[in-house]
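> sequence? don't have it. structure:
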Ligand SMILES: NC(=O)c1ccc[n+]([C@@H]2O[C@H](COP(=O)([O-])OP(=O)(O)OC[C@H]3O[C@@H](n4cnc5c(N)ncnc54)[C@H](OP(=O)(O)O)[C@@H]3O)[C@@H](O)[C@H]2O)c1
């Protein structure tokens, strides 16, 4: 669990191995602009931005790609003369000019072009945090890291982060940078919510080891965890094809039986504690180790206000256990094997190894698992001691 209680947007936290202070909720702005058909119009976007800024929020997430550049342009207008107050983060990598192979990807040409375009749309001369939006599997890691470092040295960007990139690639890239004295990734931006927990296998342990900040995107699973959809909707959808009232046809994350089951559990916890499902789903993420700031989105001001109230309460252990039970994933091999009491004993010879009797500091998955979650082919942990409770 995170040691620091969260209370408000101006309860700032450090971004990984950097001195940068950021709010615990980052303003997601993929919904700023109606260009993709489902976003907020300019006035609503401004109202959400103003509400965020007036509560002390300082951390803004956008991308060159969002709503075809409209999100960046709107933010430039909203931020105006208050530029230095905000930690402004944007991204590059997705192709902005279909048909041009060099207008997308992680390589130096696209990176330099993209940063200049973003600076122009945002109306600023520097970006606080520059995200590589997705690993392209074609540009060599040393080209990416050296080019990012050059942008830092030129004062165009201040810090760098990696989004949608495998753990082994981030570890490789940061190792090269550490050896060469170049700028390292200080944060990862990953899809993470009660509905999608795959990052717990490799990315979260990697981030923990390297002191990298974890920023979950789509923490409400695109709205599924707010409890607005039901199994009945899914059955109707199967029978009749995508329905307009699902509102999600253009999203990557669609409701499934499993995700709706998790949403039901979130709803039931919310009812028991007098909170909304969105608040419970967001609050749960603050209990995950390494999570520094969440990036929820909102299309309406009421949604933003609702989400903000996720900061000022703590879920009790019984409710955490209930959420864990319904949402746990199989870590698979080798993790389940390595967590098992049998394999631990084979390695330690039955002795207690580590700074704590429960294996703390030894098993990378301790903080994210309960022993009951081992449903894979690997042997179940022999005791709660093996995988933590
Ligand atoms: N790095 C990446 O690749 C990546 C990818 C995706 C997103 N992101 C970032 O993450 C941010 C959030 O992504 P997301 O929009 O998918 O996140 P999300 O928070 O999981 O979903 C947001 C959507 O859920 C619904 N919603 C939000 N709050 C609600 C509430 N309190 N009650 C009911 N419904 C509510 C709204 O959609 P409806 O009103 O339509 O239901 C809203 O647009 C983006 O803005 C972007 O900055 C990054």
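The structure has been received and is ready for your questions. In this text, all values refer to a predicted model and were calculated from it rather than measured experimentally.

> Could you pull up phi and psi at residue 51?
phi -60, psi -40 (degrees, to the nearest 10).

> Near it, how many other residues are there?
As a burial measure, residue 51 scores 16 neighbours (other CB atoms under 10 Å). Quick note: C-beta positions are derived from backbone N, CA and C, even for glycine.

> how many other residues sit next to residue 318?
9.

> list the helices and strands the strand or helix carrying it packs on?
Using DSSP states H and E, residue 318 falls within helix 317-327. Counting contacts by 3 or more CB pairs under 8 Å, 6 or more residues apart in numbering; DSSP states H and E, helix 317-327 packs against helix 257-273, helix 277-285.

> how about a cut-off of 6 Å?
helix 257-273 (3 or more CB pairs under 6 Å, 6 or more residues apart in numbering; DSSP states H and E).

> quick revisit: quick one: the helix holding residue 318 to chain centroid distance?
20 Å (CA atoms, centre = their mean, to the nearest Å).

> swap in stretch 84-104?
18 Å.

> touching the ligand at all, that stretch?
No - residues of stretch 84-104 are not located near the ligand by CB under 6 Å from any ligand atom, the shortest gap being 6.6 Å.

> Going by neighbour count, list what's buried in that stretch.
Under the neighbour-count criterion of 16 or more other CB atoms under 10 Å, stretch 84-104 has 86, 87, 88, 89, 90, 91, 92, 93, 94, 96, 103, 104 buried.

> So for those, which is the shakiest by pLDDT?
When the buried residues of stretch 84-104 are compared on pLDDT, residue 96 comes out lowest, with 93.

> wait, what's in contact with it?
residue 103 (CB atoms under 6 Å, 6 or more residues apart in numbering).

> How about the secondary structure of it?
coil (DSSP: H, G, I helix; E, B strand; the rest coil).

> got the buried residues of stretch 84-104 as TSV, with secondary structure and distance to residue 208 columns?
Formatted as TSV, those follow (DSSP: H, G, I helix; E, B strand; the rest coil; distance: CB to CB, whole Å):
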residue	secondary structure	distance to residue 208
86	coil	28
87	strand	23
88	strand	27
89	strand	22
90	strand	26
91	strand	24
92	strand	27
93	coil	25
94	coil	28
96	coil	34
103	helix	36
104	coil	31
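
> Tell me how far the next helix or strand after the helix holding residue 318 lies from the chain's centre.
Scanning forward in sequence from helix 317-327 by DSSP H and E, the next helix or strand is helix 335-339. In this view, helix 335-339 has its centroid 25 Å away from the chain centroid, taken as CA atoms, centre = their mean.

> I'd like the next helix or strand past helix 335-339.
That would be, after helix 335-339 and using DSSP H and E, helix 341-348.

> how about that following helix: buried residues?
For helix 341-348, by 16+ other CB under 10 Å, it's 341, 343, 344.

> So what touches stretch 265-282?
194, 219-220, 225-227, 294, 306-307, 309-310, 319, 326.

> Which two among the residues you listed are spaced furthest apart?
Farthest pair in the contacts of stretch 265-282 (CB to CB) is 309 and 326. Separation: 22.8 Å.

> between these two, which one's more packed in?
residue 326 (17 against 14).

> just to revisit the earlier point, could you give the angle of the helix holding residue 318 to helix 257-273?
Inter-element angle recorded for helix 317-327 and helix 257-273: 170 degrees (by axes from the mean of the first three to the mean of the last three CA atoms, to 10 degrees).

> For helix 317-327, buried residues please.
319, 320, 322, 323, 324, 326, 327.

> what would the residues you listed look like in JSON lines with pLDDT and distance to residue 280?
Rendered in JSON lines, the data for these read as follows (pLDDT from 0 to 100; distance: CB to CB, whole Å):
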{"residue": "319", "pLDDT": "98", "distance to residue 280": "8"}
{"residue": "320", "pLDDT": "97", "distance to residue 280": "10"}
{"residue": "322", "pLDDT": "98", "distance to residue 280": "10"}
{"residue": "323", "pLDDT": "98", "distance to residue 280": "8"}
{"residue": "324", "pLDDT": "96", "distance to residue 280": "13"}
{"residue": "326", "pLDDT": "97", "distance to residue 280": "12"}
{"residue": "327", "pLDDT": "97", "distance to residue 280": "12"}
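
> can you put these in a markdown table and add distance to residue 175?
Putting the buried residues of helix 317-327 into a markdown table (distance: CB to CB, whole Å) gives the following:
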| residue | distance to residue 175 |
| --- | --- |
| 319 | 40 |
| 320 | 35 |
| 322 | 40 |
| 323 | 35 |
| 324 | 33 |
| 326 | 37 |
| 327 | 33 |
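
> between those, which is closest to residue 134?
residue 327 (24.9 Å).

> Residue of the stretch 201-350 of the chain nearest the ligand, please.
residue 297 (2.4 Å; CB to the nearest ligand atom).

> so what's that residue up against?
28, 30, 31.

> what's residue 176 sitting at in phi/psi?
According to degrees, to the nearest 10, residue 176 has phi -60, psi -50.

> isn't it right next to residue 142, touching?
Yes - counting by CB atoms under 6 Å, residue 142 is a contact partner of residue 176 at 5.5 Å.

> Compare these two (neighbour count), which wins?
Taking other CB under 10 Å, residue 176 and residue 142 do not tie; residue 176 has more neighbours (17 against 14).

> So which bits of the stretch 251-389 of the chain are right by the ligand?
278, 295, 296, 297, 298, 299, 303, 306, 307.

> Give me the distance between the residue nearest to residue 218 when sequence neighbours are not counted and residue 216.
In space, and not counting its chain neighbours, residue 218 is closest to residue 191: 5.4 Å by CB to CB, 6 or more residues apart in numbering. Going from residue 191 to residue 216 by CB to CB, to the nearest Å gives 7 Å.

> one step back: the residue nearest to residue 218: neighbouring residues, count only.
20.

> Quick check: bridge partners of it?
Assessed by DSSP bridges, residue 191 has beta-bridge partners residue 217.

> so residue 183 sits right up against residue 149, yeah?
Yes - Residue 183 is within contact range of residue 149, at 4.6 Å (criterion: CB under 6 Å).

> Many thanks, have a good one.
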